[in-house]
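Trainee: below is the sequence, then the predicted model.
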Amino acid sequence: MINIKYEELPDVEKKLLNEAEKAMETAYGPYSKFYVGAALLTNDGTIITGSNFENSAYGSTICAERGVILRANAMGYKKHKEIAIIGRGEDFDTEEVIAPCGSCRQVLYEVSQISDYNMKIILSTTKKEKIIITSINELLPLAFRPKDLRIDIKK
Ligand code: THU
């Protein structure tokens, strides 16, 4: 896990984070009034974005991270290298980076298995003054794996 300044991010990660920031403004969050944007970098360099989509039955809410993964999958993009995540409140900016919830970590882990790659995860505060670069293996150690079911997802 490293802390990095926005100015020090490589251009690709800057772009990814900026796309996540734009996507954050598409969030549908009338209940929590918390808006999250996510941008996926596919293994061919395409960027795909998503945001959280809430529901009056609160448990049916879909986080930005899972939303963007489903969107990418439906577009035919299965393998990914990175995801950038950013969030804000209705009337506040985050002081610390927001990190994916447990369910999203498990789904990101599945994507990392499909991708054969320890996905990089870029987390940012609203104003991008604090940025952390981490990975799915770091955020979900000792994950439950396809292998635990004796499933080879490559077959
Ligand atoms: N949320 C995300 O979309 N991603 C996260 O990493 C954390 C939480 C959403 C879900 C819900 O719509 C709102 O933020 C408040 O929990």
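Mentor: On my side now, so go ahead. This one's a predicted model, so the numbers in the text were calculated from it and none came from an experiment.
Trainee: and the closest residue in space to residue 146 that isn't next to it in sequence, which helix or strand is it part of?
Mentor: What sits nearest to residue 146 in space, not counting adjacent residues and going by C-beta to C-beta, 6 or more residues apart in numbering, is residue 153, at 4.8 Å. Backbone N, C-alpha and C define where each C-beta goes, glycine included. Following DSSP states H and E, there is no helix or strand that holds residue 153.
Trainee: same check on residue 109?
Mentor: Using DSSP H and E, the element containing residue 109 is helix 102-115.
Trainee: and that helix, what does it pack onto?
Mentor: Judged by 3 or more C-beta pairs under 8 Å, 6 or more residues apart in numbering; DSSP states H and E, helix 102-115 is in contact with helix 64-74, strand 80-89, helix 136-139.
Trainee: rewinding a little: state the phi and psi torsions of the residue nearest to residue 146.
Mentor: With angles defined as degrees, to the nearest 10, residue 153 sits at phi -70, psi -10.
Trainee: what mean pLDDT does the helix holding residue 109 have?
Mentor: In this model, helix 102-115 has a mean pLDDT of 98.
Trainee: right, and the helix or strand after it?
Mentor: Proceeding N to C from helix 102-115, the next assigned helix or strand is strand 120-124, under DSSP H and E.
Trainee: around the ligand, which positions in this protein sit nearby?
Mentor: Contact residues, the chain versus the ligand (C-beta under 6 Å from any ligand atom): 29, 32, 34, 36, 52, 54, 61, 63-65, 85, 98, 100-101, 104.
Trainee: try 5 Å
Mentor: By C-beta under 5 Å from any ligand atom, the residues of the chain that approach the ligand are 32, 34, 36, 52, 54, 61, 63-64, 100.
Trainee: dump those residues to JSON lines, plus secondary structure and neighbour count.
Mentor: Converted to JSON lines, those look like this (DSSP: H, G, I helix; E, B strand; the rest coil; neighbours: other C-beta atoms under 10 Å):
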{"residue": "32", "secondary structure": "coil", "neighbour count": "14"}
{"residue": "34", "secondary structure": "strand", "neighbour count": "17"}
{"residue": "36", "secondary structure": "strand", "neighbour count": "25"}
{"residue": "52", "secondary structure": "coil", "neighbour count": "24"}
{"residue": "54", "secondary structure": "coil", "neighbour count": "19"}
{"residue": "61", "secondary structure": "coil", "neighbour count": "17"}
{"residue": "63", "secondary structure": "coil", "neighbour count": "21"}
{"residue": "64", "secondary structure": "helix", "neighbour count": "30"}
{"residue": "100", "secondary structure": "coil", "neighbour count": "23"}
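Trainee: no further questions, thank you.
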